[in-house]
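Student: sharing a sequence plus its predicted fold:
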Amino acid sequence: MMPPDDPAGPPVLRTAGLHRRYPLPRRTLFGPREAVHAVNGVDIVIPERDSLGIVGESGCGKSTLARLAMGLEAPSAGSVEIRGEDLAAVDAPTLKRLRRAFQMVFQDPYGSLNPRHTVGRIVAEPLDALERAGDRAQRVEEVLRAVGLRPADTGKYPHEFSGGQRQRIAIARALVTRPALIVLDEPVSALDVSVQAQVLNLLKDLQEQYGLAYMLISHDLGVVDYVCRQVAVMYLGRIVEEGPASLLFERPAHPYTQALRAAVPNAAAANRRRRRPRLQGGVPSQTHLPPGCAFADRCPIAEARCRVEVPLLREIAPGQRAACHLA
Ligand SMILES: Nc1ncnc2c1ncn2[C@@H]1O[C@H](COP(=O)(O)OP(=O)(O)OP(=O)(O)O)[C@@H](O)[C@H]1O
């Protein structure tokens, strides 16, 4: 994905040729060692203060990509650069410093907060233990206010809050180190629909207020379109379409993006009239990737060529690229 024309300094995140394979146990003693190809050659760039949404069905490699980007696991091939520094090449103190610039918010606001710790302790957790106690308290208070909670909440425990409020606590914890990038992995999919919009609006406000960059992972193209400037659509570990969110939402070029678009609830009725394709069948095996386009078996317009030739990302409209022979 290309950065905007004039990015200020190096991007907060850049991946190049990123691969992650998970070896599977051998089925027989001398049988071949197979592997799941979770991420299969992904290039992304997130400039400062920008937002990239990663969309795709369950199992397409979104969470693996997030863990690689956060340096939580090492790639099988390719590189991850944070602010121009290659994670595989930096020493331990530099890695520690870079990690502070990156925070993550997970899907499950129930599971991601330690039930035995107070909100104050949970939110302060990413701060350096060496930081003065007064500064820590002030910082915690500031971020709690920023997410719409009260400083008095610091002494309470997670079970005293609703799902939406717990996700606000998780967002406050991510904000407390003043990061440059927050990776949000399905941040609203565990929440009631009525609460989702409030949390998405909060994320938009915080991005503006703190000059944050986001990588937002979701199976829902509508969520990503609402928050992000750019979108990358993943299928079987590869990016199959990328570009400005508004373009991909209005004029998706790849048949897979079109199917995801048709699944966005408030657009469903309109799309039925336009007879957009629906997803049929399941995601193929990630152990034996098909020889041609990975989407061919589920694609309503696939031709013979699609089953033998892997389509590469190519420009469809300014800024919009799709990996489809027929787009
Ligand atoms: N530690 C692991 N060991 C083996 N396979 C794994 C591991 N982690 C992920 N996978 C496999 O890699 C593929 C991609 O998984 P990943 O969790 O990244 O997808 P996802 O798009 O985030 O899906 P979901 O939304 O369900 O989390 C899946 O086939 C998954 O089973």
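Tutor: Looks like it came in fine.

Student: give me the mean pLDDT for stretch 310-326.
Tutor: Taken as a whole, stretch 310-326 has an average pLDDT of 95.

Student: CA atoms only for that stretch, dumped as CSV, please.
Tutor: Output of stretch 310-326 as CSV, limited to C-alpha atoms (Å, rounded to 0.1, in the frame of the first residue of the first chain):
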residue,chain,number,x,y,z
VAL,A,310,-2.0,-16.2,-9.5
PRO,A,311,-3.4,-12.6,-10.0
LEU,A,312,-1.1,-9.9,-8.7
LEU,A,313,-2.3,-6.5,-7.3
ARG,A,314,-2.7,-4.0,-10.1
GLU,A,315,-4.1,-0.5,-10.3
ILE,A,316,-7.9,-0.4,-11.0
ALA,A,317,-8.4,3.3,-10.3
PRO,A,318,-6.1,6.0,-8.8
GLY,A,319,-5.0,4.5,-5.4
GLN,A,320,-7.2,1.4,-5.7
ARG,A,321,-5.5,-1.9,-6.5
ALA,A,322,-7.0,-5.4,-6.8
ALA,A,323,-5.5,-8.8,-7.4
CYS,A,324,-8.1,-10.1,-9.9
HIS,A,325,-7.6,-11.0,-13.6
LEU,A,326,-11.2,-9.9,-14.3
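
Student: contacting residues around residue 239?
Tutor: Residues counted as contacts of residue 239 (Cβ atoms under 8 Å, 6 or more residues apart in numbering) are 1, 42, 43, 44, 232, 233, 313, 323. Glycine gets a C-beta too; all of them are placed from N, C-alpha and C.

Student: wait, the last one touches residue 312, no?
Tutor: Yes. Because the distance of 5.9 Å satisfies Cβ atoms under 8 Å, residue 323 is recorded as touching residue 312.

Student: are any of the contacts of residue 239 buried, and which?
Tutor: Among the contacts of residue 239, those buried by neighbour count (16 or more other Cβ atoms under 10 Å) are 1, 42, 43, 44, 232, 233, 313, 323.

Student: show me which residues of this structure are close to the ligand?
Tutor: 22, 36, 38, 56, 58, 59, 60, 61, 62, 63, 64, 286 (Cβ under 6 Å from any ligand atom).

Student: which two from those residues end up farthest apart in space?
Tutor: Pairwise distances across these (Cβ to Cβ) peak at 17.5 Å, for the pair 22 and 56.

Student: who has more neighbours out of those two?
Tutor: Neighbours were counted for residue 22 and for residue 56 using other Cβ atoms under 10 Å; residue 56 has more, 26 against 15.

Student: rewinding a little: by pLDDT, give me the weakest of the buried ones among the contacts of residue 239.
Tutor: Within the buried ones among the contacts of residue 239, lowest confidence goes to residue 1 (51).

Student: low-confidence ranges, the protein, go.
Tutor: Applying pLDDT under 70 to the chain flags the ranges 1-9, 129-131, 265-286.

Student: show me the helices in it, by range?
Tutor: Listed in chain order, the helices of the chain (DSSP state H) span residues 62-69, 92-100, 119-124, 133-146, 163-175, 193-210, 221-227, 245-250, 255-262, 268-273.

Student: distance from the chain centre to the fifth one, please.
Tutor: Shown here is helix 163-175, whose average C-alpha point lies 17 Å from the average C-alpha point of the whole chain (Cα atoms, centre = their mean, to the nearest Å).

Student: check which helices and strands that helix sits against.
Tutor: Judged by 3 or more Cβ pairs under 8 Å, 6 or more residues apart in numbering; DSSP states H and E, the packing partners of helix 163-175 are strand 102-105, helix 119-124, helix 133-146, strand 181-185, helix 193-210.

Student: quick one: buried residues of the fourth one?
Tutor: If you call a residue buried by 16+ other Cβ under 10 Å, then strand 181-185 has these buried ones: 181, 182, 183, 184, 185.

Student: my guess is the second one contacts residue 212. True?
Tutor: Yep, that's residue 182 we're talking about. Yes. Between residue 182 and residue 212 there is a contact under Cβ under 8 Å: 5.8 Å.

Student: circling back: nearest to residue 319, of the buried residues of strand 181-185?
Tutor: Nearest to residue 319 among the buried residues of strand 181-185 is residue 181, at 21.4 Å by Cβ to Cβ.

Student: what about the closest one, distance to residue 102?
Tutor: 5 Å (Cβ to Cβ, to the nearest Å).

Student: ok, residue 39 next?
Tutor: Taking Cβ to Cβ as the measure, residue 39 falls 18 Å from residue 102.

Student: more neighbours, those two?
Tutor: residue 39 (27 against 23).

Student: winner for burial among the helices and strands packed on helix 163-175?
Tutor: Of all those, strand 181-185 carries the top mean neighbour count, a mean of 26, counting by mean count of other Cβ atoms under 10 Å.

Student: packing partners for that strand?
Tutor: helix 62-69, strand 102-105, helix 163-175, strand 213-218.

Student: would you put the C-alpha positions of that strand in CSV?
Tutor: C-alpha atoms of strand 181-185 as CSV (Å, rounded to 0.1, in the frame of the first residue of the first chain):
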residue,chain,number,x,y,z
LEU,A,181,0.1,3.4,16.7
ILE,A,182,-2.7,1.4,18.2
VAL,A,183,-3.6,-2.0,16.7
LEU,A,184,-7.3,-2.6,17.3
ASP,A,185,-8.2,-6.3,16.8
